[in-house]
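Enquirer: only the shape, not the letters, is given here:
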Ligand code: DP6
């Protein structure tokens, strides 16, 4: 008899970036992110006993052999943690809330959703009972092995992954929620401007690898350590000016690493630059707290507090959306973490 488990798990955007890793998906520096609300993966996992491990994956109701390969490889790589997988047949059905072609990395939301399903499956099949904190810690650890940034999607609001002297409970193995967040940072929004929806020039996996020979990598790691510690203080103190300063510098430094890695490559597009310039001009002219960050691609995330939503949406519609592909952007907001849909 087959049974089903279903989770929804969000994407996240790093404010202090993870870029460079070693060993079994261990970060070369800690990172800190904001969990999103509307950008998520919904995944259901059907399972039944079988003679060996067998994985099928359906994306948007269609069998997808490319994702199936990545997911089966990942599942095959965590049988040390979940030996029972070796005699289960697993059928995964998954969808994203954002369009497949939006150019938004889905590995954080999909790998975290998968890790949550696997941890729940472990409880069901082996009778292990985790308390809530242990459950999410384990799911974060498992999802890290699928994609580093996925480790941070386990918790709402702001999350840190990687050992930092600023937080005693932090670890390279799993993420933890940022414990103290000032009221002024609790209701931030993220306007995700889709500059280009095609695939990136380089996968993140290759980008991380190229950091090994980047002449600036050691300096970069030192700065990232400092920036995580600073950001933990900034979030606690409600220091919006410093938040914007660190967030923008982190985004630009990430792309500076790409431009100085290997033969040097660009992930930004001319319109990414146009948008960043618009954001800075708007901030200067209006005096409002609006800043940008970038993921590893060309899309620009515009971050701002909900209290100025009307002014920012007007600015985005008038001056920024025209730089986006088909004027497309996603009006997202800080989220509260994964949700159990069916277990
Ligand atoms: C630039 O988590 O996608 O978004 O661990 O190889 O799957 P893998 O890499 P991934 O890298 C994310 C890089 C980043 C910054 C970040 O999210 O911290």
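Expert: Done, it's in. Everything numeric here is computed off the predicted structure, so don't read it as measured data. Residues are numbered from 1 along each chain as shown.

Enquirer: how about residue 68, what does it touch?
Expert: 55-57 (C-beta atoms under 8 Å, 6 or more residues apart in numbering). To be clear about C-beta, it is placed using only N, CA and C from the backbone, and glycine gets the same treatment.

Enquirer: out of those residues, who has the most neighbours?
Expert: Using other C-beta atoms under 10 Å as the neighbour criterion, residue 57 leads these with 22 neighbours.

Enquirer: that one belongs to a helix?
Expert: No - under DSSP: H, G, I helix; E, B strand; the rest coil, residue 57 sits outside any helix and is assigned strand.

Enquirer: surely it touches residue 71?
Expert: Yes - applying C-beta atoms under 8 Å, one finds residue 57 in contact with residue 71, separated by 5.3 Å.

Enquirer: as CSV, the contacts of residue 68 with distance to the ligand and pLDDT would be great.
Expert: CSV is the format used below for the contacts of residue 68 (distance: C-beta to the nearest ligand atom, whole Å; pLDDT from 0 to 100):
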residue, distance to the ligand, pLDDT
55, 19, 96
56, 23, 97
57, 17, 97
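
Enquirer: what sits in contact with each of residue 57 and residue 71?
Expert: residue 92.

Enquirer: turn the contacts of residue 68 into CSV, columns for distance to residue 108.
Expert: What follows is those, written out as CSV (distance: C-beta to C-beta, whole Å):
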residue, distance to residue 108
55, 20
56, 23
57, 18
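
Enquirer: burial measure for residue 50, as a count.
Expert: 12.

Enquirer: now do residue 129
Expert: Using other C-beta under 10 Å, residue 129 has 8 other residues around it.

Enquirer: could you do residue 336 as well?
Expert: Neighbour count of residue 336, defined by other C-beta under 10 Å: 11.

Enquirer: and residue 330, bridged to which residues?
Expert: residue 192 (DSSP bridges).

Enquirer: wait, isn't it in contact with residue 99?
Expert: No - in terms of C-beta under 8 Å, residue 330 does not count as a neighbour of residue 99; the distance is 9.3 Å.

Enquirer: neighbour count for those two, which is higher?
Expert: Each of residue 330 and residue 99 has its neighbours counted (other C-beta under 10 Å); residue 330 has more, 19 against 12.

Enquirer: quick one: contacts for that one?
Expert: 38-39, 98, 102, 104, 191-192, 194.

Enquirer: which among the residues you listed end up buried?
Expert: With neighbours counted by 16 or more other C-beta atoms under 10 Å, these contain buried members at 39, 98, 102, 104, 191-192, 194.

Enquirer: going by distance to residue 208, which of those residues wins?
Expert: residue 104 (18.9 Å; C-beta to C-beta).

Enquirer: please report the distance of the closest one from residue 301.
Expert: As judged by C-beta to C-beta, to the nearest Å, residue 104 and residue 301 stand 10 Å apart.

Enquirer: and the next helix or strand past whatever helix or strand residue 284 lives in?
Expert: Taking DSSP states H and E as the definition, residue 284 sits inside helix 270-286. Per DSSP H and E, the first helix or strand lying C-terminal to helix 270-286 is strand 291-294.

Enquirer: shared neighbours of residue 104 and residue 301, which are they?
Expert: Common neighbours of residue 104 and residue 301 (C-beta under 8 Å, 6+ apart) are residue 192.

Enquirer: helix/strand/coil for residue 69?
Expert: From three-state DSSP, the assignment for residue 69 is helix.

Enquirer: how many neighbouring residues does it have?
Expert: Neighbourhood size, residue 69 [other C-beta under 10 Å]: 12.

Enquirer: cool, and residue 53?
Expert: Using other C-beta under 10 Å, residue 53 is surrounded by 16 other residues.

Enquirer: who in the protein is up against the ligand?
Expert: 14, 17-19, 25, 31, 105, 107, 147-149, 204-205, 208, 254, 295-296 (C-beta under 6 Å from any ligand atom).

Enquirer: buried only: go through the residues you listed for me.
Expert: Neighbour-count burial (16+ other C-beta under 10 Å) applied to these gives 14, 17-19, 25, 31, 105, 107, 147-149, 204, 208, 254, 295-296.

Enquirer: pick out whichever of the residues you listed sits closest to residue 43.
Expert: residue 107 (12.9 Å).

Enquirer: now for that closest one: which residues touch it?
Expert: Residue 107 is in contact with 146-147, 149-150, 204, counting by C-beta under 8 Å, 6+ apart.

Enquirer: filter these down to the ones in helices?
Expert: 146, 204 (DSSP state H).

Enquirer: how many residues are close by the closest residue to residue 283 other than its chain neighbours?
Expert: Distance criterion C-beta to C-beta, 6 or more residues apart in numbering; nearest residue to residue 283, sequence neighbours excluded, is residue 290 at 5.2 Å. Neighbour count of residue 290, defined by other C-beta under 10 Å: 22.

Enquirer: look up how far the ligand lies from residue 290.
Expert: Distance, residue 290 to the ligand, using C-beta to the nearest ligand atom, to the nearest Å: 21 Å.

Enquirer: what does that residue show for phi and psi?
Expert: phi -130, psi 130 (degrees, to the nearest 10).

Enquirer: test my guess that it contacts residue 301.
Expert: No - counting by C-beta under 8 Å, residue 290 stays clear of residue 301, with 11.2 Å between them.

Enquirer: got a list of what the residue nearest to residue 158 when sequence neighbours are not counted touches?
Expert: Closest residue to residue 158 apart from its sequence neighbours, by C-beta to C-beta, 6+ apart: residue 178 at 3.9 Å. Applying C-beta under 8 Å, 6+ apart to residue 178 gives the contacts 32, 157-160, 167, 232, 235.
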